[in-house]
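A.B. asks: take this sequence and fold it.
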Amino acid sequence: MPDSIVVVANIKVRKDVEEKVKKEIGLIIEQTRKEKGCLRYDVFQSSNDPTHLISYEKWQNRQALDEHLKKIYIVNLLAKTKEYFKQPIELTLYKEIDAPHNLR
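C.D. replies: Residues are numbered from 1 along each chain as shown. So this is what the prediction gives:
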């Protein structure tokens, strides 16, 4: 998918709200996976540090990602940055490297 975009979010949760945040993120996962243009949306917790989460997201295109970022459940989560997170969420965007047709 040449226009697809991958997002990796590095999330550092405050220890005192860890369970609350995981519950809220669980609901966000469920809603996000139903969004138009969402190809994949997974969140992982570090085995070494339970307050360290990453999300791996794959979107059909940049427009789908931009629409996701406007959803009320994402806006509400980001509004709680100081309450929930040790630092702002770090987002890194990637584009897919496609193999030549003759190598598939």
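A.B. asks: for the residue nearest to Pro50 when sequence neighbours are not counted, give its distance to Leu53.
C.D. replies: Spatially, and ignoring its direct neighbours in sequence, Pro50 is nearest to Glu18 (6.3 Å; CB to CB, 6 or more residues apart in numbering). C-betas here are computed from N, CA, C, even on glycine. Distance from Glu18 to Leu53, counting by CB to CB, to the nearest Å: 9 Å.
A.B. asks: more crowded one of these two?
C.D. replies: Set side by side, Glu18 and Leu53 show more neighbours around Leu53, with 21 against 15, by other CB atoms under 10 Å.
A.B. asks: in which helix or strand does the more buried one reside?
C.D. replies: Element membership for Leu53 (DSSP states H and E) is strand 52-59.
A.B. asks: do Leu65 as well
C.D. replies: helix 62-69.
A.B. asks: what's the neighbour count on the closest residue to Asn10 other than its chain neighbours?
C.D. replies: Nearest non-adjacent residue to Asn10, counting by CB to CB, 6+ apart: Glu90, 4.1 Å away. Glu90 is flanked by 11 other residues according to other CB under 10 Å.
A.B. asks: now stretch 48-64: buried residues?
C.D. replies: 51, 53, 55, 57-60, 64 (16 or more other CB atoms under 10 Å).
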